[in-house]
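Trainee: Here's a sequence, model it:
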Amino acid sequence: MRRTTLLVAAFAALSLLPAPAAAHPARTTDATYHNDAATPGADPFVLFDRPSGHYYAYSTEGADPGHHFAVYRSPDLATWEQLPGGALVAGQDGDWAHDWFWAPEVYHNPDTGLYFLFYAGRMNRGVAEHFRYADFEEPCKVGVAVSRSPAGPFRDIAEAPLDYHPYDPAYHDVNLIMDAEQKKPPATQEEGRTAPLGTYIPYIDPNVFFDADGRIYLYFSRNAYRNWVWDTDLGKYVEESNIYAVELTGDWWRDPTGRTMPAIAPAYRDSNRAPEDPPNVRKDGYVPVLAHGSDKQGWENAHVHDYAESGGQRKDRRWAEGSTTIRTLDARGNPRYHLTYSANNYENEFYGVGYATATGPLGPWRKSPANPVLSQDPAQGLYSTGHGSVIGSPDGEQLYYVHHGRPSTTSSRALYTSRLHLGAEVSIDASTSDEPLPSGVGPLGMRADERVLRPRAGGSATTTVRVTSARGGEFDLANPQNRVHAVLRPADAGTVVVRGDQVTVTTTGHRAARLTLTYQRRLADGGYRDVANTGPRHSTPVRVTIPVSGHR
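Mentor: Numbering: from 1, shown residues only. Below is the predicted model:
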């Protein structure tokens, strides 16, 4: 069995790969794309929506005012169209939090037709109830909203975050013995161990994984706040974020009304309670997935000396965040789990991506010695690469990692699409050059709404042009990577103006003419080239010709 067939079998149940297309198996397109950093975005999660034939990307940044989380759609994983508004309407949903709305991820249940949005936010009420202290600095949790459309808007299932209270009973809460700024921890481990034991865990960056046996897991990143870890190599405390997991029940996923809030599996509820705890105190469990100390890699140390280098303005920190978990089968049919994650500060050019593997969803996980598999490349003008999601090409033959990055160290974050190779190892091809479109996007279709243009004498006529993928996804012709090139013959019959998908012909005489419209893609050097559908024997330009009637 081919490796790609194994990938299709493993990914299909998770909606990461669309079902393979049967039509035109030998036909494709010679269109290319390049990462032009033109679409604002951060922490993108991509979903392929089979009913519409579009990919949807959900982003921390880029929403219109009054909304949380930008929503983009694309037929090709490369040219994105921002949809109006955002995933959540601010003040209407997500109001259990007041800021730090981060890392949206959306999952579609084809049986119920529902789309579930998981997102992180920083609580604005009930902080002491959830974290013991009212002045808890980073009280982040995860909310869940639902919609019947991938475009949203999504509505919170409950006006509260997940009913999950992860608690670390073994942590010496050194924040309680630090000064008010809490940037300089104890100088020795002995002093740190004098702090009281136990703290509630703030968490962000949800990633839901649906395993082949029907079990559902929530992976998340523990905020670095209140997780000072003694580093024996450095001889000091470093505040770390780690990746953890907890199993979820499946009632919420099966509920056709979308009114059931996800819940943690009973085995994790109160599993970290002590015998002396009062009956009304929640202390839930979790499974550690990734932590620097248990699997050290030097590339994750870009910020462990920030306190001294910033003159006391920043903490010494490490990050492990933005995880995505996927399952494949090896050549013998055995499951293998891969978890991508990002390390270092997203604001820094050294932000990058590593991965770990396991034989089960809860580990034990081991990081790859090849890490990082995605990192800055100054030669390509590519920095701060990270926090993406894995998605398949339309025909299921290729994998991609859609992530954020920057074209310079001072630029804002933008969406990038990079080819991901998954075999014995994971590799990611970071590129800002011209790359072929994902397999299965083509053959492309092109049509005009008007079969014949009939301008009045001395007047004009307009038609709308549509370019579609093999799956029916429509290209945004206002995106500069797409262009309709128009030629009127004879040339002196009139003038043509193209604005996005609108083509207007204004005649100057009485003769009939022909309008030829050709779909073009922009190249990395700024030029454009005609696009063709290719086959084993010949190529056919993506083109449509429309008669323009004469008038008397």
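
Trainee: Around the closest residue to Ser549 other than its chain neighbours, how many other residues sit close by?
Mentor: Spatial nearest neighbour of Ser549, excluding adjacent residues (C-beta to C-beta, 6 or more residues apart in numbering): Arg454 at 4.7 Å. C-betas here are computed from N, CA, C, even on glycine. Using other C-beta atoms under 10 Å, Arg454 has 14 neighbouring residues.

Trainee: Next one, pLDDT for Arg454 please.
Mentor: pLDDT, Arg454: 91.

Trainee: same question, Arg332
Mentor: 87.

Trainee: Phi first, then psi, for it.
Mentor: Backbone torsions for Arg332, taken as degrees, to the nearest 10, come to phi -100, psi 0.

Trainee: sorry, back to before: any idea how far the residue nearest to Ser549 lies from Val89?
Mentor: From Arg454 over to Val89 the distance is 44 Å, taken as C-beta to C-beta, to the nearest Å.

Trainee: these two touch, right, the residue nearest to Ser549 and Thr462?
Mentor: No - using C-beta atoms under 8 Å, Arg454 is not in contact with Thr462; the gap is 11.1 Å.

Trainee: Do me a favour and average the pLDDT over stretch 55-71.
Mentor: Stretch 55-71 comes out at a mean pLDDT of 98.

Trainee: Equivalent analysis for stretch 403-423, please.
Mentor: The average pLDDT within stretch 403-423 is 96.

Trainee: and what of stretch 516-531?
Mentor: On average, stretch 516-531 scores 98.

Trainee: now the end-to-end length of that stretch.
Mentor: From the first residue to the last, stretch 516-531 extends over 14 Å; the measure is C-alpha to C-alpha, to the nearest Å.

Trainee: Can you get me the start-to-end distance on stretch 153-162?
Mentor: 20 Å.

Trainee: who touches it?
Mentor: 85-89, 92-97, 115, 117, 121, 123, 141-147, 252, 258-264 (C-beta atoms under 8 Å, 6 or more residues apart in numbering).

Trainee: Please check those and keep the buried ones.
Mentor: 85-89, 93-97, 115, 117, 121, 123, 141-147, 252, 258, 260-264 (16 or more other C-beta atoms under 10 Å).

Trainee: and Val452, how many neighbours does it have?
Mentor: 13.

Trainee: How much space separates the closest residue to it other than its chain neighbours from Ala512?
Mentor: Of all residues beyond its chain neighbours, the one nearest Val452 is Pro547 (5.0 Å), with distances taken as C-beta to C-beta, 6+ apart. Going from Pro547 to Ala512 by C-beta to C-beta gives 7 Å.

Trainee: Kindly report the same for Gly388.
Mentor: 52 Å.

Trainee: Settle it for me: which of those two has more neighbours?
Mentor: Gly388 (29 against 14).

Trainee: what's near enough to touch the more buried one?
Mentor: 44, 322, 324, 340, 353, 401-404, 416, 418.

Trainee: Pick out whichever of these sits closest to Asn242.
Mentor: Distance to Asn242 across the contacts of Gly388 (C-beta to C-beta) is lowest for Gly322, with 12.7 Å.

Trainee: Ramachandran angles for the closest one?
Mentor: phi 60, psi 50.

Trainee: ok, now which ones touch Thr462?
Mentor: Taking C-beta under 8 Å, 6+ apart as the test, what Thr462 contacts is 502-505.

Trainee: hmm, I was thinking of Thr340
Mentor: Neighbour list for Thr340: 322-324, 353-355, 388, 390, 401, 426 [criterion: C-beta under 8 Å, 6+ apart].

Trainee: Please identify which pair of those lies farthest apart.
Mentor: Gly322 and Val426 (15.1 Å).
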